[in-house]
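> Could you work out the structure for the sequence below:
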Amino acid sequence: MNTQASKLEALVDAHQRPESTVRVVAITSGKGGVGKSTLSANIGYVLSRMGFRVGIMDADIGLANLDVMFNVRTEKNILHVFKGEATFDDIVIKLDHNLWLIPGESGDEILKFSNATIVSRLLDEAETLAPLDFLIVDTGAGIGETTQMFLRSADDVVVVTIPDPAAITDAYAMVKVVSKIKERLFMVVNQVRTPREGFKIFDTIKKVAVENIGDHLELTLLGSVRTDPYVARSVKQRVLLCKELTNIASAGEIEAIAQTLAKKKEHKMLDGNKEGSIGIFFKRLLGQF
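Residues are numbered from 1 along each chain as shown. Take a look at the predicted model:
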């Protein structure tokens with residue numbers, strides 16, 4: 001499972017496509033401990049199983065942990081690419097068929113890299129990832145500068161919360177901040193007792209958002225995921241819920257969320273509404289576009 005993705009061999013056949021496009025989905029939260037990384041990992045896996053080529057970028061700066069969740073070892077990460085000490089081909093790890101991990105950096109040095117020379121080199125390197133269909137970005141919690149940088153650069157932003165007063169308050173704060181840079185946001189309510197509880201929490205946040213932010217913001221519920229002791233167990237055992245425990249309700253609910261994201265991508269393609277290249281994502285990320 002942890003074969004180094006030397007040369008990303010499984011992506012080569014993507015060159016048969018006339019144009020490579022990627023949908024960048026940033027998954028974020030107002031506070032930590034809401035299951036954001038677990039959702040990122042499992043949504044990425046489900047999309048890959050559906051036939052999409054998926055990269056998962058660990059952008060939880062300061063708490064990068066997807067390598068632990070996927071039970072793989074990483075020696076270099078995206079910061080080494082920014083510094084010119086490695087290529088994407090060096091750092092990307094193949095996790096499964098159609099699924100790759102782009103390891104993150106536990107620090108905020110990434111903010112220093114925005115000059116034209118670095119951007120130019122990075123764009124050349126990023127071509128390795130050009131055939132991806134989805135890039136799932138697991139961001140840090142909260143509204144820090146680094147997190148906002150990733151949210152601003154993504155095509156879609158998904159805010160995750162749980163049925164906890166502090167988490168709900170922080171989720172609304174995140175919605176309010178991101179509404180200044182995005183006109184459309186998605187939400188997932190995690191660890192609910194029933195789907196109805198998830199809808200009620202979302203509805204409350206949406207009403208407050210409309211009242212205080214205005215109705216120009218399109219806020220949509222992607223889905224709710226029920227709490228289950230097997231979810232916590234899967235994290236401790238470093239296995240993917242949607243791969244090893246497919247018969248429990250929460251796995252089915254995560255799968256439904258991934259299917260909704262897939263439909264949205266396909267809808268864009270049918271409408272002729274072109275998505276960006278991986279290069280455009282990195283240009284946005286480094287403030288050059």
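> looking at the protein, which helix or strand does the model trust least?
When the helices and strands of the chain are scored by mean pLDDT, DSSP states H and E, helix 66-69 comes last with a mean of 68.
> Could you look up the next helix or strand downstream of it?
helix 78-82 (DSSP states H and E).
> Kindly spell out which helices and strands sit in contact with that next one.
helix 88-91, helix 116-126 (3 or more C-beta pairs under 8 Å, 6 or more residues apart in numbering; DSSP states H and E). Backbone N, C-alpha and C define where each C-beta goes, glycine included.
> which helix in this structure runs the most residues?
helix 249-270 (DSSP state H).
> Can you list the buried residues in that helix?
Under the neighbour-count criterion of 16 or more other C-beta atoms under 10 Å, helix 249-270 has 250-251, 253-255, 257-258, 261-262, 264-265 buried.
> Just name the closest of these to Phe52, please.
Ala262 (6.8 Å; C-beta to C-beta).
> ok, back up a step: pick the most buried one from the helices and strands packed on helix 78-82.
helix 88-91 (a mean of 19; mean count of other C-beta atoms under 10 Å).
> Centre of the chain to it, how far?
Averaged C-alpha coordinates place helix 88-91 at 19 Å from its chain's average position (C-alpha atoms, centre = their mean, to the nearest Å).
> and that helix, what does it pack onto?
Using 3+ C-beta pairs under 8 Å, 6+ apart, helix 88-91 is in contact with helix 78-82.
> mind listing what's buried in the helix it packs on?
Buried residues in helix 78-82, defined by neighbour count with 16+ other C-beta under 10 Å: 78-82.
> which residues of the protein fall in strands?
Secondary structure of the chain (DSSP state E): strands at 23-29, 54-59, 93-96, 99-102, 134-141, 156-161, 184-192, 218-226.
> Of the buried residues of helix 78-82, which is the nearest to Leu66?
Among the buried residues of helix 78-82, Ile78 lies closest to Leu66 (C-beta to C-beta), at 11.8 Å.
> Low-confidence stretches in the stretch 1-150 of the chain?
1-20, 60-65, 67-68, 105-119 (pLDDT under 70).
> hmm, back to that, rebuild the buried residues of helix 249-270 as CSV, extending it with distance to Lys200 and pLDDT.
What follows is the buried residues of helix 249-270, written out as CSV (distance: C-beta to C-beta, whole Å; pLDDT from 0 to 100):
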residue, distance to Lys200, pLDDT
Ser250, 18, 95
Ala251, 23, 96
Glu253, 16, 97
Ile254, 20, 97
Glu255, 23, 97
Ile257, 18, 98
Ala258, 23, 98
Leu261, 23, 96
Ala262, 27, 95
Lys264, 24, 89
Lys265, 29, 87
